[in-house]
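Q: This is a predicted model, with the sequence first.
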Amino acid sequence: MIEKVNPSHPDKVADRIAGAIVDIAYLKNNNPKVAVEVLIGHGNCHIIIETSEKFNKNEVNNIVKRIAGNIKLDLQIVKQDIYLANNQIGKLRCGDNGIFKGVPLTKEEKKLSKIARDIYSKYPYDGKYILDKNKLVICQSNCKTNDLRKIYKKAIINPLGEWSGGTNVDSGATNRKLGSDMAGSITGGGLHGKDLSKADVSINIYAFLKAQKENKTIEISCAIGDEYVDNKPYSEIVEIARNYIKSVGGFEKFAEWGLY
């Protein structure tokens, strides 16, 4: 049983904006320190950026307009806490406490991911999908229900009727769709809006990739300041995550669908 949302769901719009801001931070510095929270909906986008890098409102506003349209930006930029910043001076160390789990993807999860992508390629609008054994539920905005029914004959499609969706109908916030992003690998840490020093990003990616490779559940814990995690230098885990992010096209692209 799994739920998937597409990149135009309001929560994913928030994730994508946060990811695009992190992408900008990496253009300014190869190892920036940045954490972004986004709350968006009903004509307003509220963003808090904690960062080691300098941002200006125009570059953030350009990201919001490109991804979400012409809406009002409320922006707060603050310098990263000095104690957290000092944790990384001289050597890359684990950026936070955390517990993490990587789980091999099931056939059901892979199947729903493909269905979601196929529908989104035709209807790039807000949508949400569930697969529970043989029960497929499709809620897709801005499309004719009968058009989808021709393709997915046994699915439950838009059970409350056709709808418009998007941030004018619903609000979105960063890291609110972790089940959609991580499937069975979900733990407490959010994937989006953070640099690679953050364990929530790097160790989640590392544990997920290791689980797929070894075809077994991987469980990892860490403490802030750790130089080794899972018997590897933390810097090595960061580079594994960096290469993965590069392979999918950056943090904004990573935010579109998450880990699968």
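A: Yep, that arrived.

Q: Going by C-alpha atoms from here, please, whenever you check contacts or count neighbours.
A: Will do.

Q: and the helix or strand K150 falls within, which residues are buried?
A: Per DSSP states H and E: K150 is located in helix 145-151. Under the neighbour-count criterion of 16 or more other Cα atoms under 10 Å, helix 145-151 has T145, L148 buried.

Q: To which secondary structure element type does I77 belong?
A: Following DSSP: H, G, I helix; E, B strand; the rest coil, we place I77 in the strand state.

Q: Can you give me the neighbour number for it?
A: I77 is flanked by 16 other residues according to other Cα atoms under 10 Å.

Q: And the spatially closest residue to it that is not a sequence neighbour, its phi and psi?
A: Excluding the flanking residues, the one nearest I77 by Cα to Cα, 6 or more residues apart in numbering is I49, at 4.8 Å. Backbone torsions for I49, taken as degrees, to the nearest 10, come to phi -120, psi 120.

Q: didn't I49 look like it was pressed against D74?
A: No. I49 lies out of contact with D74 (Cα atoms under 8 Å); the separation is 11.2 Å.

Q: Those two: who's more crowded?
A: I49 (23 against 15).

Q: hmm, back to that, after the helix holding K150 comes which helix or strand?
A: Assigned by DSSP H and E, the successor of helix 145-151 is strand 156-157.

Q: show me the contacts for G19.
A: By Cα atoms under 8 Å, 6 or more residues apart in numbering, the contact list for G19 reads H192, G193, K194, G250, F251, E252, K253, F254, A255.

Q: re earlier: dig out what the residue nearest to I77 forms beta bridges with.
A: For I49, the beta-bridge partners are V36, I77 (DSSP bridges).

Q: That one and Q76: what is the separation?
A: 6 Å (Cα to Cα, to the nearest Å).

Q: how about I224, secondary structure?
A: Look at I224: counting by three-state DSSP, its state is coil.

Q: re earlier: and the helix holding K150, what does it pack against?
A: If you count contacts as 3 or more Cα pairs under 8 Å, 6 or more residues apart in numbering; DSSP states H and E, helix 145-151 packs onto strand 156-157.

Q: Pull the distance from the helix or strand just after the strand it packs on to the chain's centre.
A: On the C-terminal side of strand 156-157, the closest following helix or strand by DSSP H and E is strand 172-173. What separates the centre of strand 172-173 from the centre of its chain is 11 Å, taken as Cα atoms, centre = their mean, to the nearest Å.

Q: Following strand 172-173 in sequence, what is the next regular element?
A: On the C-terminal side of strand 172-173, the nearest following helix or strand under DSSP H and E is helix 178-182.

Q: Let's test this: mean pLDDT of that next one, rounded?
A: The pLDDT scores in helix 178-182 average 97.

Q: At which residues are the helices of the chain located?
A: Taking DSSP state H as the test, the helices found in the chain are 10-28, 57-68, 82-86, 107-122, 145-151, 178-182, 199-214, 234-248, 251-257.

Q: Turn the ones you listed into CSV, including distance to S221.
A: Putting the helices of the chain into CSV (distance: least, Cα to Cα, whole Å) gives the following:
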stretch, distance to S221
helix 10-28, 25
helix 57-68, 34
helix 82-86, 19
helix 107-122, 25
helix 145-151, 44
helix 178-182, 17
helix 199-214, 9
helix 234-248, 12
helix 251-257, 23
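
Q: So which of those helices has the densest surroundings on average?
A: helix 10-28 (a mean of 25; mean count of other Cα atoms under 10 Å).

Q: tell me the angle that one makes with helix 57-68.
A: 140 degrees (axes from the mean of the first three to the mean of the last three Cα atoms, to 10 degrees).

Q: Return helix 10-28 as CSV; C-alpha atoms alone will do.
A: C-alpha atoms of helix 10-28 as CSV (Å, rounded to 0.1, in the frame of the first residue of the first chain):
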residue,chain,number,x,y,z
PRO,A,10,1.2,22.1,-3.3
ASP,A,11,3.5,20.3,-0.9
LYS,A,12,5.8,19.3,-3.7
VAL,A,13,5.7,22.9,-5.0
ALA,A,14,7.0,24.0,-1.6
ASP,A,15,9.7,21.2,-1.8
ARG,A,16,10.7,22.3,-5.3
ILE,A,17,11.1,26.0,-4.3
ALA,A,18,13.2,24.9,-1.3
GLY,A,19,15.3,22.7,-3.5
ALA,A,20,15.8,25.5,-6.1
ILE,A,21,17.1,27.8,-3.3
VAL,A,22,19.5,25.1,-2.2
ASP,A,23,20.7,24.8,-5.8
ILE,A,24,21.5,28.5,-5.8
ALA,A,25,23.4,28.1,-2.5
TYR,A,26,25.6,25.4,-4.3
LEU,A,27,26.3,27.9,-7.1
LYS,A,28,27.7,30.2,-4.5
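
Q: Much appreciated, bye for now.
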